[in-house]
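1. the following comprises the amino acid sequence and a computationally predicted model.
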Amino acid sequence: MTEKFVLAATYLSGPCKGQPQYFKAWTGIGPMATPNLDEAERFDTAQDAMMSPAFSHWSSFYNPQPVPA
């Protein structure tokens with residue numbers, strides 16, 4: 001099975017503060033997050049994940065990480 005990657009960060013405030021945050025989808029105003037790993041967008045490589053506009057968006061702090069088995 002090929003390893004997949006997600007863009008991950010940590011919620012800095014709100015009810016999910018301190019919990020993992022994953023990039024889910026791109027919207028008209030920027031990246032949409034989810035605390036649910038199953039809903040996170042998957043990328044084939046870490047480099048593919050870094051090509052996502054969510055990786056370089058001014059309000060995002062995502063880093064690529066392998067999807068936990």
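-> Great, that's in hand. Numbering: from 1, shown residues only.

2. P53 contacts W26, correct?
-> Yes - under the criterion of C-beta atoms under 8 Å, P53 makes contact with W26 at 6.2 Å. The C-beta positions use only the backbone N, C-alpha and C, and glycine is treated the same way.

3. so if I had to pick from these two, which one is more boxed in?
-> W26 (14 against 11; other C-beta atoms under 10 Å).

4. my read: the more buried one touches A33, true?
-> No - with contacts counted by C-beta under 8 Å, W26 stays clear of A33, the gap being 11.4 Å.

5. show me where the chain has strands.
-> Applying DSSP state E to the chain gives strands spanning 5-10, 20-27, 30-34, 63-66.

6. which of these is buried the deepest?
-> Comparing those by mean neighbour count (mean count of other C-beta atoms under 10 Å), strand 5-10 ranks first with a mean of 20.

7. report the distance from that strand to the chain centre.
-> Taking C-alpha atoms, centre = their mean, to the nearest Å, one finds the center of strand 5-10 at 4 Å from the center of the full chain.

8. kindly report the same for stretch 31-47.
-> Mean-position distance between stretch 31-47 and its chain equals 4 Å (C-alpha atoms, centre = their mean).

9. likewise stretch 43-53?
-> 10 Å.

10. quick one: mean pLDDT for it?
-> Taken as a whole, stretch 43-53 carries a mean pLDDT of 96.
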